[in-house]
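Enquirer: would you be able to build a 3D model of this:
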Amino acid sequence: MASPDPDPLVPVRARTPDRTPHQPILVLGGFLIGAEAYGPLVASLERLSAQPVVLVPVSRLDWLLMLFPFGWARLLDRVAPLAAELAARSPSGRITLVGHSSGGILMRLFLADGPFEGRRYNGRRYNGRRLADTLVMLGSPHTALKATAMRARVARELPGAFFASAESDPVRYVAVAGAIDLAEESRQASATARRLAPTAYRNSTGDPTDRGDGLVPVESALLKGAEAVVLEGVAHGGAFGPVWYGTPAVVERWWAAVAGPAGGPASGAA
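Expert: Numbering: from 1, shown residues only. Model prediction:
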């Protein structure tokens, strides 16, 4: 596994000296996590970006249907009009996508320009990269030995930062990984994280003692070709530790990597 960079806010690839994306932000949460959990994250991004921030409405039933491709289409159908609406009133004409956990995997699929599931589901084409030029993925499980159907499909058809070097409509990918100490005395991890992490890590990388956010190992959350941000003391969600990707102070940390001045390569890149 690649070792994390001592400075967790150093990005891999620069575009311009000032990369602050003056554009709206669309947020897609993670599996079975209610909208109320993302209130502080949305409010923090609105304050930091001074742009509209919209959370895609997703119910727990919607997530349970993700076991099937039509469930993916249901959520992508919800993402698409919101993305188009935000892009239409964006100063840049584009938006920034933020996906937490499985939401980051689904947003990678949204960028694709081919027909969804061949030509099934009424021949849908999402081609989200016409609307979004930046994708931030928070604790998203990009690789796993025991991958879900969606993760396996995205890894197979859209490997790595697939559109980062596209000649037209390139996309900037930023992969954010958390790392917590599971020892009880550290107070970074909840009892749930200490109980679930060994099995979750084993299913992802084969190593139950791996390093990660209590659910997703750092190695799995980083994405080949994407900018890497590794955050010490940050858990996967509120159920996994008191400080997670949506904690306001943590949002400031990863948003600084997205919007701040360009830096050098991060050794935590996959």
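
Enquirer: CA atoms for contacts and neighbours, from now on please.
Expert: Noted.

Enquirer: beyond the helix or strand harbouring Val174, next helix or strand please.
Expert: Element membership for Val174, per DSSP states H and E: strand 172-179. In the C-terminal direction, the helix or strand that comes right after strand 172-179 (DSSP H and E) is helix 191-205.

Enquirer: any idea which helix or strand comes after that following helix?
Expert: Counting by DSSP H and E, what follows helix 191-205 is helix 218-221.

Enquirer: now the phi/psi pair for Ala147, please.
Expert: phi -90, psi 150 (degrees, to the nearest 10).

Enquirer: I should have written Asp113 there, sorry.
Expert: Taking degrees, to the nearest 10 as the convention, Asp113 sits at phi -100, psi 0.

Enquirer: with Ala191 as the reference, measure out to it.
Expert: From Asp113 over to Ala191 the distance is 42 Å, taken as CA to CA, to the nearest Å.

Enquirer: quick one: list the elements packing against the strand holding Val174.
Expert: The contact analysis (3 or more CA pairs under 8 Å, 6 or more residues apart in numbering; DSSP states H and E) places strand 172-179 against strand 132-138, helix 218-221, strand 227-232.

Enquirer: select, out of these, the one closest to Gly206.
Expert: Across the helices and strands packed on strand 172-179, Gly206 has its closest neighbour in helix 218-221 (11.2 Å, CA to CA).

Enquirer: for the record, mean pLDDT for that closest one?
Expert: Helix 218-221 shows a mean pLDDT of 98.

Enquirer: show residues contacting it.
Expert: 1-2, 138-144, 175-179, 204-205, 211-212, 230, 270 (CA atoms under 8 Å, 6 or more residues apart in numbering).

Enquirer: now it - C-alpha only, CSV.
Expert: This file holds the C-alpha atoms of helix 218-221, laid out as CSV (Å, rounded to 0.1, in the frame of the first residue of the first chain):
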residue,chain,number,x,y,z
VAL,A,218,-6.6,4.2,2.4
GLU,A,219,-5.3,2.1,-0.5
SER,A,220,-8.9,1.5,-1.7
ALA,A,221,-10.0,5.2,-1.3
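
Enquirer: just the buried ones from the contacts of helix 218-221, in ChimeraX syntax?
Expert: Burial among these is assessed by 16 or more other CA atoms under 10 Å; the matching ChimeraX selection reads:
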select :138,139,140,141,142,143,144,175,176,177,178,179,204,205,211,212,230,270
